[in-house]
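J.: got a predicted structure plus its sequence, pasted below:
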Amino acid sequence: MRRSPAADRSPHLSLTICLCWSRTTSAQIRKQLNTVITPTSKLTKPVKKPKATWVEPKFYDDVEYRDVTSEGLLRASSFKRL
């Protein structure tokens with residue numbers, strides 16, 4: 001998972017994580033996210049992703065990790081649940 005340094009204080013959040021889950025879990029997450037789709041990004045910095053599906057920042061995820069790097073990245077991160 002990759003987070004901006006101010007991720008807890010602003011809606012600008014950048015994530016990179018190995019998404020190793022089942023199709024069932026993927027469908028459950030998508031069902032939840034479908035309830036909060038929005039036409040525009042809520043990030044503080046513009047992102048050029050014309051095919052992106054944007055959602056309101058309403059959910060929290062549970063991620064385990066071993067360490068945080070000096071760049072603010074999570075080392076050995078693993079998604080647990082939404």
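T.: Yep, that arrived.
J.: any idea whether residue 74 is helix, strand or coil?
T.: Under the three-state scheme (DSSP: H, G, I helix; E, B strand; the rest coil), residue 74 adopts strand.
J.: how close does it sit to residue 26?
T.: 21 Å (Cβ to Cβ, to the nearest Å). Every residue, glycine included, has its C-beta placed from N, CA and C.
J.: compare the two (neighbour count), which wins?
T.: Between residue 74 and residue 26, counting by other Cβ atoms under 10 Å, residue 74 is the more crowded of the two (19 against 11).
J.: just checking, the more buried one touches residue 64?
T.: No - Residue 74 lies out of contact with residue 64 (Cβ atoms under 8 Å); the separation is 9.1 Å.
J.: mind listing the strands for the chain?
T.: Using DSSP state E, the strands found in the chain span residues 37-38, 54-55, 62-64, 67-68, 74-75, 78-81.
J.: for stretch 29-49, what is the average pLDDT?
T.: Taken as a whole, stretch 29-49 carries a mean pLDDT of 90.
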